[in-house]
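*Asks:* Sequence and predicted structure below; questions after.
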Amino acid sequence: MNVVILGATGGTGRLLTRGALERGHTVTAIARRPDRLELPSSHRLEIVAGDVTEPASIAPALRRADVLLSALGVSKGGPPDLLARGARLVTSDSSWRIVWLGAFGTGGSAAVAGRLTRSVLRLVLAPELQDKADADTIVAAAGGVLVHAGPLTNGPAAAHWSAVPLAEAPGRRVPRPVSRATVAAVMLGEAEHGGHGGQIVLPLASLPGP
C-alpha cells in the first residue's frame, strides 16, 4: 500500500512513518523540514519537502497515495487556517482514503466533552479551535476518518487498543491521556482496514504489556 504522511516530523508523524515502514508499506513522508526526520534509509521511503500552503510542492506525492495519513499540526506564526487548507488539499481527489488526526473536545467531539475540557481547550488552543473544526468538517464530508485523541504522551503503545466511534465511546468528561504510539497504531489500523469513513473515532487503550 502506498501511504503518504503529512506532518511526518512531528511526534506522532515520526511514529506513523516508522510504523508504516515496519508494516511493509511504501511511504512518502512530507514535511516542511525533512532534515528533521531521522530514520534509517529504505527503498520504500521517500522524503519530500513540502507545505500544504504551497500545493504544488506536494501534489506529485499525493497522486501516488492509496491512503493519506495526516498528523499535521499548527506551527507558531503559521496561517490561522493551516489545517483547513490542508484538509481542502487532501480532499481535492477522492481516489485515496484519509485518516486525519484531531483532538478530543474540538470540532465534532466538543459536544460530548465536559465543560472543564472545553474551558481548558479554549485557553490552550483558542487560536486553533475554529481551524480544527473547519478541517474536521471538510475531511468528514469527504468520507475521511477523524481520530480524536486526548492529551498525548510519549509512552509506549498499548498492548491492546481499539478505535471506537464517538457515539459508542464510554462517557468521559475529561479525556484520558493516550500515547502517541497508540494513536499512530490506531491510525495505521484505520488506514489498513477502514470501516469508519466519515466518522470520529477515539483511540481507547489498555495498559502496556510486560
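*Replies:* Looks like it came in fine.
*Asks:* so where do the strands sit in the protein?
*Replies:* Listed in chain order, the strands of the chain (DSSP state E) span 2-6, 26-31, 45-49, 67-70, 97-103, 145-149, 152-153, 161-165, 178-179, 200-205.
*Asks:* To A111, which of these lies closest?
*Replies:* Closest of the strands of the chain to A111 is strand 200-205, at 10.7 Å (criterion: CB to CB). Backbone N, C-alpha and C define where each C-beta goes, glycine included.
*Asks:* What lies in contact with the closest one?
*Replies:* The list of residues contacting strand 200-205 from outside it, by CB atoms under 8 Å, 6 or more residues apart in numbering, reads 102, 104, 107-109, 136, 140, 145-149, 158, 160-166, 169, 178-179, 182-183, 186, 190.
*Asks:* Bridged to the nearest residue to V90 once chain neighbours are set aside, which residues?
*Replies:* Sequence neighbours aside, L68 is the residue nearest to V90 in space, at 5.3 Å (criterion: CB to CB, 6 or more residues apart in numbering). Using DSSP bridges, the bridge partners assigned to L68 are V4, I98.
*Asks:* Contact partners for L68?
*Replies:* 3-6, 62, 90, 96-99.
*Asks:* what about 7 Å?
*Replies:* 4, 90, 96, 98 (CB atoms under 7 Å, 6 or more residues apart in numbering).
*Asks:* Settle this for me: I98 is touching V90, isn't it.
*Replies:* Yes: assessed by CB atoms under 7 Å, I98 is found in contact with V90 at 5.8 Å.
*Asks:* Mind giving me the ChimeraX command for buried ones among the contacts of strand 200-205?
*Replies:* Only the buried entries of those go into this ChimeraX selection, using 16 or more other CB atoms under 10 Å:
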select :102,104,107,108,109,136,140,145,146,147,148,149,158,161,163,164,166,169,178,179,182,183,186,190
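*Asks:* so where's this structure shaky on pLDDT?
*Replies:* By pLDDT under 70, the low-scoring segments of the chain are 116, 118, 123-126, 171-174, 206-210.
*Asks:* Of the contacts of L68, which is the nearest to G50?
*Replies:* Checking the contacts of L68 against G50 by CB to CB gives V4 as the nearest, at 10.1 Å.
*Asks:* Please list the outside residues in contact with stretch 102-113.
*Replies:* Identification of contacts with stretch 102-113 by CB under 7 Å, 6+ apart yields 117-118, 121, 129, 132-133, 136, 140, 146-150, 166, 173, 175, 200, 202.
*Asks:* now the end-to-end length of that stretch.
*Replies:* The straight-line separation of the ends of stretch 102-113 (CA to CA, to the nearest Å) is 14 Å.
*Asks:* coming back round to it: I'd like the contacts of L68 as a markdown table, with neighbour count and distance to L37 appended.
*Replies:* Below are the contacts of L68 laid out as a markdown table (neighbours: other CB atoms under 10 Å; distance: CB to CB, whole Å):
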| residue | neighbour count | distance to L37 |
| --- | --- | --- |
| V4 | 27 | 14 |
| V90 | 26 | 19 |
| W96 | 18 | 21 |
| I98 | 26 | 21 |
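*Asks:* Rebuild these as JSON lines, extending it with distance to S41.
*Replies:* Shown next, in JSON lines, are the contacts of L68 (distance: CB to CB, whole Å):
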{"residue": "V4", "distance to S41": "18"}
{"residue": "V90", "distance to S41": "26"}
{"residue": "W96", "distance to S41": "25"}
{"residue": "I98", "distance to S41": "28"}
